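Trainee: Need a 3D model of the following:
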Amino acid sequence: MAQSGERWNVLVSDPVAEEGLQLLRAEPLVNVTLKTNHTPDELLEAVREADALVVRSQTQVTADVLEAAQRLRVVARAGVGVDNIDVPAATRRGVLVLNSPEGNTIAATELAIALLLALSRNLPQAHASLSAGEWRRGDFGGIEVYNKVLGVIGLGKIGSEVARRARALGMQVIAFDPYISLEHAERIGVRLLDLDGLLGESDYITFHVPLTKETRHLIGRQELSKAKDRVRIINTARGGLIDEHALADAIKSGKVAGAAMDVFEKEPPVDSPLIGLPGVIVTPHLGASTEEAQVKVAVDVISQVLDVLHGRPARTAVNVPAVSPDTLDLLRPYLHLAEKMGRLLAQLYEGRLTAVNVSYAGEVAEVDVQPLSRAALAGLLSSVLGESVNYVNAPLLAESRDIRVQETKATAPTDYVSLLTVSVSTDAEKREVAGTVFGRHDVRIVRLDGYRVDFEPSGLMLISGHIDRPGVIGKVGTILGDADINIAGMQVGRDVPRGRAVMILSVDSPIPPELIARINQIEGMEQAKLVEL
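Mentor: Numbers count the residues shown, from 1 in each chain. So this is what the prediction gives:
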């Protein structure tokens, strides 16, 4: 909080709605500087005395900018994405990064519905033709959306709102989202399917997921070949979810009837094969471009900036929430461990996630472990939900998806000074991982699904469950060796000789999917997956 006579300097370096600026100007302790279009050198100078920095997407808040900003306490993005902010660098410097993840929900929802209808009735093409002096009424016949099947990929806030509006139009709605419970889907009248099932039934497909390693090119040639003939595709989420060349070829062949794209793999999309292609509607990333959305995000983030400056918590912080210095010093290696454990489980489990339990034993159980539980949950959810997941909002995201989260502290003694255990339950199975920290920084996984192991959760690993019999491990090594993939380390845990076992192989390079498939065909192999941490 401000000391007697202290004032705060807030730099607004990108255009934001006037309603947000009025909140700053009404605060007697704030000096507001509004200047846009900085050069990199000008920005370094402008932030030197700033206590808060408000940006949209133009200003690049790099590590150099954060280093120059000696007084900076908070960076606020008036919008959702924080790609233009070096969040790890901000965290290292103790700078809070916040955004407005829900301010554009309605704007993005309405654009998706608008594009769905425009695609169905060929509205842009008809408008262009008539504006050119033509009267080609017979060339622009469309189809009705009533009783058609809409496949929603991603049933978060925007996807759920799109589903509700589509049902109001009389559409049947199905969805693919492994992080949404059946109960949540049923409440909004949506039937959940796997991706192949959605592709095969959908007359329209709309995307509402973040762009992550797992979702990049989620739809490519193979997926399009499984889609219903004459499907129509709408993407207002993120460029890169769809292989644009594969989509263009599918449109040219007639497999896909048309597409409406607001986002592209590269923006501006000067080289996209979709630009100018008949049957494709394109818009220049307008998802959040409404007056109302810009007002909402400006008011939201600036009110949070004022909260932070006054010593109050922010609602949508992107990085680590504040803890006392002593507690943070103790928890820091365990925060790293907990997030890695969550990421590990996210890449191992099968089915729809329904519950998460984080338990603590030993010395770590004697302090406030809430940051650790949030770290584990953030690691678990971020593999699917991407950058929007953080230590602050992970519990809310889990709750919105009807994922039960439990935190327990064990009273029984443990073999370790401190032990973290994270278990997940799905509609198909239960998986569990336990870890500890040796010394101050040696983060280790010591148990996987009940098997004793000892490995560092880092890099590329092939993790398998198999029958403990001669030759299984050797055949895996042969397949990898023939492919010139080097094994850097190996761990095996088993219950009894010739019973069941787990194997963790650290490898120096990625294992292609076709090799994973060959490994899974080895007699005695139950499941092998490539994990990246």
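Trainee: can you give me the strands for the stretch 251-400 of the chain?
Mentor: For the stretch 251-400 of the chain, applying DSSP state E, counting those that start in this stretch gives strands covering 256-261, 280-282, 353-362.
Trainee: For residue 104, which of those is the nearest?
Mentor: Nearest of these to residue 104, taken as CB to CB: strand 256-261 at 17.7 Å. Where you see a C-beta, it was placed from the backbone N, CA and C, and this is true even at glycine.
Trainee: Just name whatever secondary elements that closest one is in contact with.
Mentor: helix 105-121, strand 231-235, helix 244-253, strand 280-282 (3 or more CB pairs under 8 Å, 6 or more residues apart in numbering; DSSP states H and E).
Trainee: hey, which of those is tucked in deepest?
Mentor: strand 231-235 (a mean of 25; mean count of other CB atoms under 10 Å).
Trainee: just to revisit the earlier point, tell me which of the helices and strands packed on strand 256-261 approaches residue 417 most closely.
Mentor: helix 105-121 (45.2 Å).
Trainee: Now do the closest one against strand 256-261, angle only.
Mentor: Here helix 105-121 points in a direction 150 degrees away from that of strand 256-261 (axes from the mean of the first three to the mean of the last three CA atoms, to 10 degrees).
Trainee: Not counting helix 105-121 itself, show me its contacts.
Mentor: For helix 105-121, contacts defined as CB atoms under 8 Å, 6 or more residues apart in numbering pick out 123-124, 140, 142-145, 150, 157-158, 161-162, 165-166, 169, 204, 206, 208, 232, 234, 236, 258-260, 262, 281, 283, 286-290, 292-293.
Trainee: Could you identify the buried members of these?
Mentor: 123-124, 145, 150, 157-158, 161-162, 165-166, 169, 204, 206, 208, 232, 234, 236, 258-260, 262, 281, 283, 287-288, 290, 293 (16 or more other CB atoms under 10 Å).
Trainee: Looks like residue 414 contacts residue 362 (just checking).
Mentor: Yes: Residue 414 is within contact range of residue 362, at 5.1 Å (criterion: CB atoms under 8 Å).
Trainee: Strand partners (parallel or antiparallel) of the stretch of helix or strand residue 150 belongs to?
Mentor: For residue 150, the element it lies in under DSSP states H and E is strand 149-153. According to DSSP bridges, strand 149-153 forms sheet pairs with strand 172-176 (parallel), strand 204-207 (parallel).
Trainee: to the chain's geometric centre, what's the distance from it?
Mentor: Strand 149-153 sits 20 Å away from the centroid of its parent chain (CA atoms, centre = their mean, to the nearest Å).
Trainee: Tell me which residues are up against it.
Mentor: 116, 159, 162-163, 166, 171-177, 190, 195, 198-199, 201-209, 218, 241.
Trainee: could you give the angle of that strand to strand 231-235?
Mentor: 40 degrees.
Trainee: Residues contacting stretch 296-304, please?
Mentor: 16-17, 19-21, 23-24, 54, 76-79, 98-100, 102-104, 288, 314-316.
Trainee: if we can go back for a sec, need the helices and strands packed on strand 256-261 in JSON lines with mean pLDDT, can you?
Mentor: As requested, the helices and strands packed on strand 256-261 are arranged in JSON lines below (pLDDT from 0 to 100):
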{"stretch": "helix 105-121", "mean pLDDT": "97"}
{"stretch": "strand 231-235", "mean pLDDT": "98"}
{"stretch": "helix 244-253", "mean pLDDT": "98"}
{"stretch": "strand 280-282", "mean pLDDT": "98"}
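Trainee: would TSV of the ones you listed with distance to residue 300 be doable?
Mentor: Formatted as TSV, the helices and strands packed on strand 256-261 follow (distance: least, CB to CB, whole Å):
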stretch	distance to residue 300
helix 105-121	12
strand 231-235	25
helix 244-253	33
strand 280-282	29
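Trainee: Relative to residue 382, which of the ones you listed is closest?
Mentor: helix 105-121 (20.0 Å).
Trainee: next helix or strand past that closest one?
Mentor: For helix 105-121, the following helix or strand on the C-terminal side (DSSP H and E) is helix 123-131.
Trainee: what comes up buried for that next one?
Mentor: Per 16+ other CB under 10 Å, helix 123-131 contains these buried residues: 123, 124, 125, 126, 129.
Trainee: Distance of the first one relative to residue 98?
Mentor: Which is residue 123. 38 Å (CB to CB, to the nearest Å).
Trainee: about what we covered before: among the contacts of stretch 296-304, which are in helices?
Mentor: 19, 20, 21, 23, 24 (DSSP state H).
Trainee: Next, the distance between the ends of stretch 511-527.
Mentor: 15 Å (CA to CA, to the nearest Å).
Trainee: Equivalent analysis for stretch 266-273, please.
Mentor: Note: stretch 266-273 ends 11 Å apart using CA to CA.
Trainee: Run through who's touching it.
Mentor: Outside stretch 266-273, the residues that touch it by CB under 8 Å, 6+ apart are 239, 244, 245, 248, 264, 265, 275, 282, 284, 285.
Trainee: just stretch 374-382 next, same as before
Mentor: Residues contacting stretch 374-382 (CB under 8 Å, 6+ apart): 179, 212, 321, 335, 338-346, 353, 356, 358, 389-392, 394-395, 397-398, 405, 420, 422, 424.
Trainee: average pLDDT for that stretch?
Mentor: When pLDDT is averaged over stretch 374-382, the result is 89.
Trainee: now swap in stretch 88-102 and tell me
Mentor: 84.
Trainee: Kindly report the same for stretch 518-529.
Mentor: Here the average pLDDT along stretch 518-529 is 93.
Trainee: Next: stretch 201-211.
Mentor: 94.
Trainee: again, but for stretch 334-352
Mentor: Computed over stretch 334-352, the average pLDDT equals 93.
Trainee: residues of that stretch that come out buried?
Mentor: Neighbour-count burial for stretch 334-352 [16+ other CB under 10 Å]: 334-349, 352.
Trainee: out of these, which are inside helices?
Mentor: Using DSSP H, these in helices are 334-346.
Trainee: Just the endpoints, please. Distance across stretch 163-183?
Mentor: 15 Å.
Trainee: Enumerate the positions of that stretch that are buried.
Mentor: Result for stretch 163-183 [16+ other CB under 10 Å]: buried residues 163, 165-166, 169, 171-181.
Trainee: Would you quantify the distance from residue 482 to residue 222?
Mentor: 25 Å.
Trainee: Output stretch 484-492 as CSV, nothing but the C-alphas.
Mentor: Backbone C-alpha positions of stretch 484-492 (Å, rounded to 0.1, in the frame of the first residue of the first chain) are rendered in CSV as follows:
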residue,chain,number,x,y,z
ASP,A,484,19.0,-44.0,-33.9
ILE,A,485,17.2,-42.8,-30.7
ASN,A,486,19.6,-42.8,-27.8
ILE,A,487,18.5,-44.0,-24.3
ALA,A,488,19.9,-41.7,-21.7
GLY,A,489,18.7,-43.6,-18.6
MET,A,490,16.3,-46.3,-17.5
GLN,A,491,14.3,-47.1,-14.4
VAL,A,492,12.2,-50.2,-13.8
